[in-house]
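[1] Below are the sequence and a predicted model for it; my questions follow.
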Amino acid sequence: MNAFHKLGLEDHLIQAVTDLGFETPSEVQEKTIPLLLEDDIDLVALAQTGTGKTAAFGFPMLQKIDIDSRTTQGLILSPTRELCLQITNEMKLYGKHCKGLNVTAIYGGASITDQAKQVKRGAQIIVATPGRMKDMISRRLVDISKIEYAVLDEADEMLNMGFFEDITEILSHTPDEKSTWLFSATMPKEVSLIAKKFMANPTEVTVGHKNMGSKNVSHEYFLVGARDRYQALKRLADANPEIFSVIFCRTKRDTQKVAEQLIEDGYSAGALHGDLSQNQRDVVMKSFRAKQIQMLVATDVAARGIDVEDITHVINYQLPDEIETYTHRSGRTGRAGKSGISMVIVSKSEVRKIKSIERIIQKEFIKKDVPSGMEICEVQLKALASKIHDTEINHEIDPYLNEINSLFEDVSKDELIKKFFSVEFTRFFNYYKKTKDLNSPSEGSRSDDYEKDDNSARFFINIGSKDGYDWMKLKDFLRDTLQLNQDDVYKVDVKESFAFFNTDAAHKDKVLEFFTDFKQDGRFVNVEITEKKSRERNRGGGGRRSGGGGGGYGGGGRGRNDRSKGSGSGSGFRSEGKSRRSDSGSSSKSPRRSSDFKPKGGDFSRPRKSRR
Ligand code: ADP
Ligand code: MG
């Protein structure tokens, strides 16, 4: 027998519980469902995110209303459209064996007439955002004068968002005799105020410690230089090829910027924040739920209460202004008994905030190092191996196999595997091999390339393969013009329109001096020292796949009339990137803006889930 029986739920609701696969009631459900079923009481329930509050009020409401009537008897107010839709769906699932049940969602940004029509068909339960609800009341499109049960879900958030007046106004249209059930994660003054104002002697239920994080979530933090935040984010993503995550930023602007930058770097990402149109938000959320977007970059408000299954990581790109908010963020993962990881990227000045959060969540953070380039390569290589291993064979290739087989006739399996992996791996490897350690300097740098070598100087020069140079020719040219010895110029790396090379530090001034005002074929040849700092930001971080792939979905996250991708200025990230690039001495022909610095073979880290 299902443990929900004991709570007093009727058979058709138990059936739905079973269909949903709920086996045991959560604490908040265990405490509130019997209370609400037994009597018509007012209730204040405090429970953290992800504890199953929807079912805690949903099932009692479904059992208590009269489904044979077409009068609106239940009203659920929630802060955002997303939540409104989520609750509506959930209620429909809970009530799937209630014949004739009509649960209607009312929210801004969609046709008000359609919603009014649905209500008119006899909605016993309305789930609404306060703004649109108020609007519908003033236009007399809904009648809530016979409401028996009113739920204020995520009450603290609704008040945070400034819905106090709207809620007051809406409730003034409901009868005094109704029962009001308030659900909230926290109990700030404003919530007590609402409780006082609209409730008579409410019963209080508190679940667990107030604000305690989910026990299935582990908390990690990564200490990086303030300017390395974005690179760190990419590495965290690259080190977790199967990542499915929400990334929190503090402002709408940062949210948009980070999402755009990720998309540009070839990740499947999308933005969710209040400046997007409803339609855009819909598209993004739909893709995210379908796992076509791996990384949802969101503001706190936009992502509050969102329940998407199987989120593996929550990444705090920036810590929230209010430390309490951290609980809501980390509550996006570790749901429904699964484990999750909440990661925080912090700079030195923010480390003390970690301590305060630990006090609130009553759990300790694990301090971790941002994975090194080689660690990421290893992870990616293994992920590729298991992906290939698990790939189903596509028999469309059968007709071409003869030809392919004969090409590989003299290649052993061993060799073939090595070659095959090299195709993908080399690209990633080249991308990461020269990146620096991102962990904050106090933690000891482990950089093992020549950057660390004080006896060597790395130069940028603005001539490249399109000027007819390959590494040998460039080496010869440099040796001859600078009158250096055979081994004095090394690590020559020629790109299309620019190149890099090293000399011993002793030759540094000589090189720079020589190239001051140096002209060849009537054009200035510019040589500059590359700054140590500049390398990582241009090179580091593998793109998930060749650029653009994410764009389709990211499209949802971009402003409708947004400038087209890669057009440069405007985005803070891009312009930041530019200014840093100029550290490394590049002219307007930015050395690393071009795609030669992105690994192109998307397959290397393409997420398993299908996407358009
Ligand atoms: P909250 O509103 O407290 O943040 P939700 O009501 O959104 O939490 O529930 C979180 C998730 O847990 C949902 O996916 C829901 O279907 C699931 N869930 C709720 N109750 C149970 C239960 N008793 N057993 C298993 N899963 C549950
Ligand atoms: Mg909820």
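    Received it, and whenever you're ready, just let me know what you need. Ligands and ions are numbered 1, 2, ... in the order given.

[2] Now Q520, what are its backbone angles?
    Backbone torsions for Q520, taken as degrees, to the nearest 10, come to phi -140, psi 130.

[3] What about the nearest residue to it once chain neighbours are set aside, how many residues nearby?
    By the measure of CB to CB, 6 or more residues apart in numbering, the closest residue to Q520 outside its immediate chain neighbours is I463, 7.8 Å from it. The C-beta positions use only the backbone N, C-alpha and C, and glycine is treated the same way. By other CB atoms under 10 Å, 20 other residues sit near I463.

[4] Check the secondary structure at I463 for me.
    Secondary structure of I463, reduced to three states by DSSP: H, G, I helix; E, B strand; the rest coil: coil.

[5] dump the residue contacts of it.
    Each residue near I463 by CB atoms under 8 Å, 6 or more residues apart in numbering is listed here: Y469, L474, S497, F498, A499, Q520, V525.

[6] just R329 next, same as before
    Contacts for R329 were tallied using CB under 8 Å, 6+ apart; they are V246, F248, D300, A303, V314, N316, P320, S342.

[7] Out of those residues, show me where the pLDDT dips lowest.
    pLDDT across the contacts of R329 is at its lowest for A303, which sits at 85.

[8] What separation do you get for the residue lying closest to D68 once chain neighbours are set aside and ligand 2?
    Spatial nearest neighbour of D68, chain neighbours left out: G100 (6.8 Å); criterion: CB to CB, 6+ apart. Look at G100 and ligand 2: by CB to the ion, to the nearest Å, they are 26 Å apart.

[9] does G100 sit in a helix or strand, and which one?
    Remark: G100 resides in no helix or strand, with elements defined by DSSP states H and E.

[10] Next one: it from T72, what distance?
    Here the criterion is CB to CB, to the nearest Å. By it, G100 lies 14 Å from T72.

[11] who's more crowded, the two?
    A count of neighbours by other CB under 10 Å puts T72 above the other of G100 and T72, at 22 against 11.

[12] what secondary structure does that one sit in?
    Three states are possible here, and by three-state DSSP the one that applies to T72 is coil.

[13] Could you identify the least confident member of the contacts of I463?
    Among the contacts of I463, Q520 has the lowest pLDDT, at 79.

[14] Run through the residues of the stretch 1-150 of the chain sitting next to ligand 1.
    Where the stretch 1-150 of the chain comes near ligand 1, counting by CB under 6 Å from any ligand atom, the residues are F22, P25, S26, Q29, A47, T49, G50, T51, G52, K53, T54, A55.

[15] change it to 5 Å
    By CB under 5 Å from any ligand atom, the residues of the stretch 1-150 of the chain that approach ligand 1 are F22, S26, T49, G50, T51, G52, K53, T54, A55.

[16] And for the chain?
    For the chain, the residues in contact with ligand 1 under the definition CB under 5 Å from any ligand atom are F22, S26, T49, G50, T51, G52, K53, T54, A55, D307, A336.

[17] can we see that at 6 Å?
    Remark: the part of the chain in contact with ligand 1 comprises 22, 25-26, 29, 47, 49-55, 305, 307, 335-336, using CB under 6 Å from any ligand atom.

[18] In strands, which of the contacts of I463 appear?
    Counting by DSSP state E, the contacts of I463 place A499, Q520 in strands.

[19] ok, back up a step: the residue nearest to D68 and ligand 1, how far apart?
    Distance from G100 to ligand 1, counting by CB to the nearest ligand atom, to the nearest Å: 23 Å.

[20] Next: S111.
    Applying CB to the nearest ligand atom, one obtains 26 Å for the distance of S111 from ligand 1.

[21] How about the contacts made by that residue?
    Under the criterion of CB under 8 Å, 6+ apart, the contact list for S111 is empty.

[22] Now list the buried members of the contacts of I463.
    Of the members of the contacts of I463, the ones counted as buried by neighbours, 16 or more other CB atoms under 10 Å, are Y469, L474, S497, F498, A499, V525.

[23] my read: the second one touches A499, true?
    So the one you mean is L474. Yes - if you go by CB atoms under 8 Å, L474 and A499 touch, sitting 5.7 Å apart.

[24] Mutual contacts of these two, please.
    I461, I463, V492.

[25] Which single one of the residues of the stretch 1-150 of the chain next to ligand 1 is nearest to T516?
    Closest approach between those and T516, by CB to CB: T49, at 61.2 Å.

[26] any idea how far that closest one is from ligand 2?
    Computed with CB to the ion, the distance linking T49 and ligand 2 is 7 Å.

[27] Give the closest residue to that residue in space, chain neighbours not counted.
    The spatially closest residue to T49, leaving aside those adjacent along the chain, is G331, at 3.4 Å (CB to CB, 6+ apart).

[28] and the gap between that neighbour and ligand 2?
    From G331 over to ligand 2 the distance is 10 Å, taken as CB to the ion.

[29] my read: that residue touches K53, true?
    No - with contact taken as CB under 8 Å, G331 and K53 are classed as non-touching, separated by 11.4 Å.

[30] and F515, what does it touch?
    Residues in contact with F515 (CB under 8 Å, 6+ apart) are I461, V525, N526, V527.

[31] I112 touches S138, doesn't it?
    No - applying CB under 8 Å, one finds I112 not in contact with S138, separated by 11.4 Å.

[32] out of those two, which sits in the more crowded spot?
    When I112 is set against S138 and neighbours are counted by other CB under 10 Å, the residue ahead is I112, at 16 against 10.

[33] What pLDDT is listed against that one?
    Among the per-residue scores, I112 holds a pLDDT of 95.

[34] what packs against the helix or strand that contains I263?
    Under the assignment given by DSSP H and E, the secondary-structure element containing I263 is helix 252-264. Using 3 or more CB pairs under 8 Å, 6 or more residues apart in numbering; DSSP states H and E as the contact test, the elements touching helix 252-264 are helix 229-238, strand 269-272, strand 295-298, helix 551-557, helix 572-583.

[35] do stretch 334-341 and ligand 2 meet at all?
    No - looking at stretch 334-341 against ligand 2 by CB under 5 Å from the ion, there are no contacts, and the closest approach is 11.1 Å.

[36] which one in the chain is furthest away from the centre?
    Relative to the average C-alpha location in the chain, and by CA atoms, centre = their mean, no residue lies farther out than Q483, which sits at 53.4 Å.

[37] Distance check, that one against F4.
    Q483 sits 86 Å away from F4, going by CB to CB.
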